[in-house]
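# Predicted model, plus sequence, below.
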Amino acid sequence: MRDWERERIEAEKETIRVEYRRVLKNSVSFERHIRDRWRDKNRRKNERIAELEARIRELERRLARK
């Protein structure tokens with residue numbers, strides 16, 4: 001293999017490695033963003049459920065007093 005051919009191949013390998021690291025980093029970032037959004041949505045849902053359950057308990061107490 002000629003020196004210039006070896007250099008061209010090494011340069012292409014490095015270009016591919018850089019692209020691979022960029023794609024991997026973006027993928028990890030995207031997945032983190034999705035998980036964070038899911039956690040936030042789930043937290044809000046659970047808070048709303050707790051509010052509704054508390055309201056039901058209050059209404060049941062009011063009914064029991066009558």
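Right, received. Where do you want to start?

# Neighbours of residue 52, how many?
Using other CB atoms under 10 Å, residue 52 has 10 neighbouring residues. Quick note: C-beta positions are derived from backbone N, CA and C, even for glycine.

# That one is in what secondary structure piece?
helix 3-65 (DSSP states H and E).

# any idea of the mean pLDDT for that helix?
When pLDDT is averaged over helix 3-65, the result is 97.

# where's that helix relative to the chain centroid, distance-wise?
Distance, stretch centre to chain centre, for helix 3-65: 1 Å (CA atoms, centre = their mean, to the nearest Å).

# okay, now residue 31: neighbour count?
Count around residue 31 with other CB under 10 Å applied: 10.

# and what of residue 21?
10.

# can you check residue 46 too?
Residue 46 has 10 nearby residues by other CB under 10 Å.

# likewise residue 45?
The tally of other residues near residue 45 (other CB under 10 Å) stands at 10.
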